[in-house]
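K.L.:
sequence first, then the predicted structure, then my questions.
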Amino acid sequence: MTHFSGNTDALDNIVFIVGPKPAPITALTYDSRKVEKDGCFVCIDGHQSDGHLFIESAIHNGAHVIIGSKKNILMDWYYKRPDLTFVLVRDTKKALARYATTFYQNVHEKMSLIGVTGTNGKTTITAYIRSLLNALGNPTGSIGTAGVWDQQQKLEFNKSTPTTPESSDLHSIFSHLYEKKASHVVMEATSIALDQERLHGIQFNLAVHSNLWPEHLDFHHTMEDYKKAKLRLFEQADIAVVNNDDDGMAPDIIRMFEGELWTYGMERDADVRARNMKSVAAGTSFDLLVDGKVHSVIVPIFGNHNVANFLAAVTTCLAQGHGIENILRVLPLIQGPPGRFQVVNNYPDRQLVLDFAHSPRALETLFETIEPFSYNRIILLITGIGIRERHLRPEIAQAVEGKADAYVVTVDHPGDEDPEIVMADVVSGFTEVPANLHLEAKRGQAIQKAMSLAEKGDLILITGICMETFQIVKGERVPYHDFDEIKSFLHKHHAITTC
Ligand SMILES: CC(=O)N[C@H]1[C@@H](OP(=O)(O)OP(=O)(O)OC[C@H]2O[C@@H](n3ccc(=O)[nH]c3=O)[C@H](O)[C@@H]2O)O[C@H](CO)[C@@H](O)[C@@H]1O[C@H](C)C(=O)N[C@@H](C)C(=O)N[C@H](CCC(=O)O)C(=O)O
Ligand SMILES: Nc1ncnc2c1ncn2[C@@H]1O[C@H](COP(=O)(O)OP(=O)(O)OP(=O)(O)O)[C@@H](O)[C@H]1O
């Protein structure tokens, strides 16, 4: 329990407090539906609605402190409920973030926090760093699109956002990981989260950059704003790890950053560099250059973009004080996130790869990654996403036209959309409808279809939201897992019980 008045950090954001000095707070939330007895409710003026409209429901559920930024609404409620405390602040998102740090006793300051930002690669870099630091003896948890992980396993946490949690959820996760004895936490820091102050008040030990190109422009509107949001991470970090090959924002970070700076890259000179990449059966082999020394390595990762992600992770470990010899020793233990070029090994006579690619660029990267592979035909499963902008759907088909021998089109997270319409939108992107095209509205059936189309020697590529454990259907999270479908197919048709 925490006293609201104990949070001096937030004071400069406070305009006034009315009502009695509150008893300790039992819970802190931005969602009236999650308020508990003697809790604190922070009103966020959101994109679709306004938390100030839910004060009644918050009070009904037990809130005794209400923090808001709309004076008239707070005062109206104060006249109705003078027994409760109302706090007027200038910025409720910052107040939520600041108060969360106090509520969870600033445990985030007791761990080494690593933030990862960039347009692509965040999830992969986060997983690589987590696995390497754990192997190097630093108990490390992670937070991001792949979920919340402690040093051992994935944990059950319901995030309200796809990648970077809302500040109070984030600090609750930090607290949990600290209790689990994590010394390090690596997390994805998205531009939207940075813009929405979800990371306000956190000082990162280290910030990692991957790259920058157009994305989320429906939210940020201009590339300049998008970049500005991402650059904020480097204003809150002691050490920066920067991809020197990226023209999108590396020059800005290098120009503005005042702390310890490390660079990595493949094309340009950098502190940590990879050269002579070759695709081999076990992954990728290359020369790793650190401190003027060349180390020949073979790493179980596929695609040059993942070599860049690998360099980001290795550079982070070096910047955290680990010697290169120790890092080289643990490289076989590097682990990517589920569903990011995840190879299913025990499928007889066929190759099966799951990849999160659901944008034209990611699909192009996927096809570049499989270039060195040998196979007869490609069976490709692509998806349209119901809960994302409609114009993105045909772009998926445009990106893969002519590249596969058979296509299965399905839907991820249909939301409120009619799956038939989502699939039709995707198919409308083909200039010529492929002869071997199959539509399956349910992702599970689509996977089974793709697997049933594959013959000896074929490569099956399952793309889309591969690693989540649910599908969003009409606002509900319906439990779903790709691997259940894959296992069931392998069991039924090949008598294989594990994968
Ligand atoms: C656009 C965006 O960032 N949306 C997030 C935002 O929602 P919102 O602003 O629309 O909220 P709202 O519905 O208007 O509600 C306003 C406030 O009223 C509250 N409320 C609402 C209803 C009610 O009955 N009671 C109540 O108290 C809400 O909890 C909220 O605090 O605040 C909500 C609470 O934290 C988030 O769940 C929601 O994330 C949605 C699900 C989302 O999809 N966000 C995406 C865009 C996002 O954040 N993505 C990034 C990047 C992903 C990546 O590139 O990897 C991420 O970091 O995840
Ligand atoms: N360093 C990179 N450079 C270019 N493309 C990349 C890089 N890393 C990953 N990708 C591509 O982006 C896709 C998503 O990778 P990843 O999930 O690691 O990125 P992300 O930044 O977390 O993406 P998202 O924001 O969509 O969760 C991969 O499937 C791959 O195609």
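P.N.:
Now that the structure is in, tell me what you want to look at. Ligands and ions are numbered 1, 2, ... in the order given.

K.L.:
helix, strand, or coil at the nearest residue to residue 136 once chain neighbours are set aside?
P.N.:
Take residue 136 and drop its neighbours on the chain: the residue closest to it by CB to CB, 6 or more residues apart in numbering is residue 322, 5.2 Å away. Placement of C-beta: from N, CA and C, glycine included. With DSSP: H, G, I helix; E, B strand; the rest coil as the basis, residue 322 sits in coil.

K.L.:
residues near the residue lying closest to residue 389 once chain neighbours are set aside, how many?
P.N.:
Computed as CB to CB, 6+ apart, the closest residue to residue 389 that is not its neighbour in sequence is residue 218, at 6.2 Å. The number of residues packed near residue 218 is 10, by other CB atoms under 10 Å.

K.L.:
and residue 218, what helix or strand is that in?
P.N.:
Using DSSP states H and E, residue 218 maps to helix 217-220.

K.L.:
that helix packs against which elements?
P.N.:
helix 191-195, helix 223-235 (3 or more CB pairs under 8 Å, 6 or more residues apart in numbering; DSSP states H and E).

K.L.:
and it, what's buried?
P.N.:
Under the neighbour-count criterion of 16 or more other CB atoms under 10 Å, helix 217-220 has residue 220 buried.

K.L.:
relative to ligand 2, how far out is the residue lying farthest from the centre of the chain?
P.N.:
What lies farthest from the middle of the chain is residue 79; by CA atoms, centre = their mean that is 43.1 Å. Shown here: residue 79 relative to ligand 2, a distance of 46 Å by CB to the nearest ligand atom, to the nearest Å.

K.L.:
returning to what we had before: for ligand 1, see how far away the residue nearest to residue 389 is.
P.N.:
According to CB to the nearest ligand atom, residue 218 and ligand 1 sit 9 Å apart.

K.L.:
and that residue, what's its pLDDT?
P.N.:
Here the pLDDT value assigned to residue 218 is 74.

K.L.:
where's it relative to ligand 2, distance?
P.N.:
On the measure of CB to the nearest ligand atom, residue 218 and ligand 2 end up 14 Å apart.

K.L.:
domains in this protein, by residue range?
P.N.:
2-103, 107-333, 342-492 (automatic domain parsing).

K.L.:
how about the shortest one against ligand 1, any contact?
P.N.:
Yes - judged by CB under 6 Å from any ligand atom, domain 2-103 and ligand 1 are in contact via 30, 31, 32, 33, 44, 46, 47, 48, 49, 51, 54.

K.L.:
just the buried members of those?
P.N.:
Those of the residues of domain 2-103 next to ligand 1 that meet the buried threshold are 30, 31, 32, 44, 51, 54, by 16+ other CB under 10 Å.

K.L.:
check contacts around the closest residue in space to residue 192 that isn't next to it in sequence.
P.N.:
In space, and not counting its chain neighbours, residue 192 is closest to residue 219: 5.7 Å by CB to CB, 6+ apart. With contact taken as CB atoms under 8 Å, 6 or more residues apart in numbering, residue 219 is in contact with 191, 192, 195.

K.L.:
ok, and the most crowded of those residues?
P.N.:
Counting by other CB under 10 Å, top hit in the contacts of residue 219: residue 191 with 25 neighbours.

K.L.:
which non-adjacent residue is nearest that one?
P.N.:
residue 229 (3.9 Å).

K.L.:
I'd say the one you found and residue 217 touch.
P.N.:
No - between residue 229 and residue 217 there is no contact under CB atoms under 8 Å: 11.8 Å.

K.L.:
the helices and strands packed on helix 217-220: which one's closest to residue 111?
P.N.:
helix 223-235 (17.0 Å; CB to CB).

K.L.:
helix or strand for the spatially closest residue to residue 40 that is not a sequence neighbour, which one?
P.N.:
Spatial nearest neighbour of residue 40, excluding adjacent residues (CB to CB, 6+ apart): residue 65 at 4.1 Å. In the assignment (DSSP H and E), residue 65 maps to strand 63-68.

K.L.:
off-centre distance for the helix holding residue 218?
P.N.:
Here the centre of mass of C-alpha atoms in helix 217-220, compared against the chain's by CA atoms, centre = their mean, to the nearest Å, lies 17 Å away.

K.L.:
before we move on, what about stretch 296-315?
P.N.:
Using CA atoms, centre = their mean, the offset of stretch 296-315 from its chain centre is 19 Å.

K.L.:
and what of stretch 421-437?
P.N.:
Per CA atoms, centre = their mean, the displacement of stretch 421-437 from the mean C-alpha position of its chain is 29 Å.

K.L.:
got the CA coordinates for it in CSV?
P.N.:
Provided in CSV are the C-alpha atoms of stretch 421-437 (Å, rounded to 0.1, in the frame of the first residue of the first chain):
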residue,chain,number,x,y,z
ILE,A,421,-14.4,-9.4,-46.8
VAL,A,422,-10.9,-9.4,-45.2
MET,A,423,-9.9,-12.3,-47.5
ALA,A,424,-11.4,-10.6,-50.5
ASP,A,425,-9.5,-7.5,-49.7
VAL,A,426,-6.3,-9.4,-49.6
VAL,A,427,-7.0,-11.3,-52.9
SER,A,428,-7.9,-8.0,-54.6
GLY,A,429,-4.1,-7.2,-54.4
PHE,A,430,-3.2,-9.9,-56.9
THR,A,431,-3.0,-8.5,-60.4
GLU,A,432,-3.9,-12.0,-61.6
VAL,A,433,-5.6,-14.4,-59.2
PRO,A,434,-3.2,-17.4,-58.7
ALA,A,435,-4.4,-20.8,-60.1
ASN,A,436,-3.5,-22.6,-56.8
LEU,A,437,-5.3,-20.3,-54.4
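
K.L.:
pLDDT of it, averaged?
P.N.:
97.

K.L.:
most centrally placed residue in this structure?
P.N.:
Taking CA atoms, centre = their mean, the centroid of the chain lies closest to residue 145, which sits 2.9 Å from it.

K.L.:
return the distance of the closest residue to ligand 1 within the stretch 351-499 of the chain relative to residue 470.
P.N.:
Residue of the stretch 351-499 of the chain nearest ligand 1, by CB to the nearest ligand atom: residue 387 (7.7 Å). If you measure residue 387 against residue 470 using CB to CB, to the nearest Å, the figure is 12 Å.

K.L.:
residue 212 too?
P.N.:
30 Å.

K.L.:
mind checking which of these two has more residues around it?
P.N.:
The neighbour comparison of residue 212 against residue 470 (other CB under 10 Å) goes to residue 212, with 24 against 14.

K.L.:
and the more buried one, what does it touch?
P.N.:
Residue 212 neighbours (CB under 8 Å, 6+ apart): 118, 119, 226, 227, 230, 246, 248, 249.
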